[in-house]
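Asks: Sequence plus the predicted model coming up.
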Amino acid sequence: MDGYLISCNLSTRHSYNLVADRYIDPFLDEIRKKGYNQRLLDLFAQRFPDGSLICDAGCGPSAHIGRYLFDKGMKVIGVDISDRCIAMASNLNKGIEFICDDIAQSDLITGSFDGIISYDSIIHTPKSHMNILFDAFYRILKPGGSLMVAVNAGLGEGFQKELLGINTEIYISCFSEAEIRNYFETAGFAIDLLEIKKSCNPMINNERIYAIGIKPPATSIFPAAR
Ligand SMILES: C[S@@+](CC[C@H](N)C(=O)[O-])C[C@H]1O[C@@H](n2cnc3c(N)ncnc32)[C@H](O)[C@@H]1O
């Protein structure tokens, strides 16, 4: 990993260690208040039989996305680069396993997950290094497994000097549909869903991108029996 990515990741860890306690209230049960997100998560969950293993990548301090899928019968492992987020998520979510690691260079076992869900966690990886993150997602998914990503749509990219009212420095980005498609396809995923959704609040001029990609199923090296 090069120095730029290392320093971005260090500032992400530092920033979320600082803001984790403030992050918890607004986002604790956020997903259950948003019908569109729930419908998409239900669609995502329907792909997997009970007991399938899902990674909540960049789970944050509440791990509310992972918990939503856990409550639907999935096994969930939450991964986050911030040790404060992992400590808080572990306290709040009995039954879910948590690991503090950088998802882009973790020791998670190759081909171990049926699904990965990344809600607003790729936004802290520089666009110039996004292929490293998507290659990692691809590596840890089983053949035939699905990756779901949700992010804010837009053009911005760079460092901001505060997060949730706390002075810090953190890299953050928004994306176009074309960029998201490109990340998936370059890593080897087939796009299964790519949608832009306007905020339901007319006061908020915000569009969200939701995407699901599938890692191709393994092909047998043996000829089919006649
Ligand atoms: C905007 S928060 C989203 C948290 C949660 N997914 C949610 O929807 O509430 C982004 C989270 O991703 C984590 N994160 C960012 N980059 C990461 C990486 N490379 N590996 C693991 N976690 C990461 C941050 O520490 C933070 O907790």
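Replies: The structure has been received and is ready for your questions.
Asks: just the strands in the chain please.
Replies: Secondary structure of the chain (DSSP state E): strands at 53-57, 75-80, 97-100, 113-119, 141-152, 157-163, 166-173, 190-198, 207-214.
Asks: what residues does the last one touch?
Replies: Which is strand 207-214. Residues from elsewhere that reach strand 207-214 (Cβ atoms under 8 Å, 6 or more residues apart in numbering): 40, 44, 144-154, 175, 177, 180-181, 184, 187, 189-199. From N, CA and C alone the C-beta is placed, and that goes for glycine too.
Asks: Equivalent analysis for the second one, please.
Replies: The set of residues that contact strand 75-80 without belonging to it, under Cβ under 8 Å, 6+ apart, is 16, 51-60, 63, 66-67, 69-70, 86, 89, 93, 96-101, 103, 106, 108, 113.
Asks: ok so, going back, just the buried ones among the contacts of strand 207-214, please.
Replies: 40, 44, 145-153, 175, 180-181, 184, 187, 189, 194 (16 or more other Cβ atoms under 10 Å).
Asks: Show me the beta-bridge partners of the residue lying closest to Phe70 once chain neighbours are set aside.
Replies: Nearest residue to Phe70 in three dimensions, chain neighbours excluded: Val76, at 4.5 Å (Cβ to Cβ, 6 or more residues apart in numbering). Beta-bridge partners recorded for Val76 (DSSP bridges): Ile54.
Asks: which residues does Asp102 contact?
Replies: 9, 81 are the contacts of Asp102 under Cβ under 8 Å, 6+ apart.
Asks: again, 10 Å this time
Replies: 1, 5-6, 9-10, 12-13, 58, 79-81, 125, 132-133, 136 (Cβ atoms under 10 Å, 6 or more residues apart in numbering).
Asks: angle of the longest helix belonging to the chain against strand 113-119?
Replies: Ranked by residue count under DSSP state H, the longest helix found in the chain is helix 3-27. Interaxial angle, helix 3-27 versus strand 113-119 (axes from the mean of the first three to the mean of the last three Cα atoms, to 10 degrees): 80 degrees.
Asks: Show me what helix 3-27 is packed against.
Replies: helix 64-70, strand 75-80, helix 83-92, strand 157-163, strand 166-173 (3 or more Cβ pairs under 10 Å, 6 or more residues apart in numbering; DSSP states H and E).
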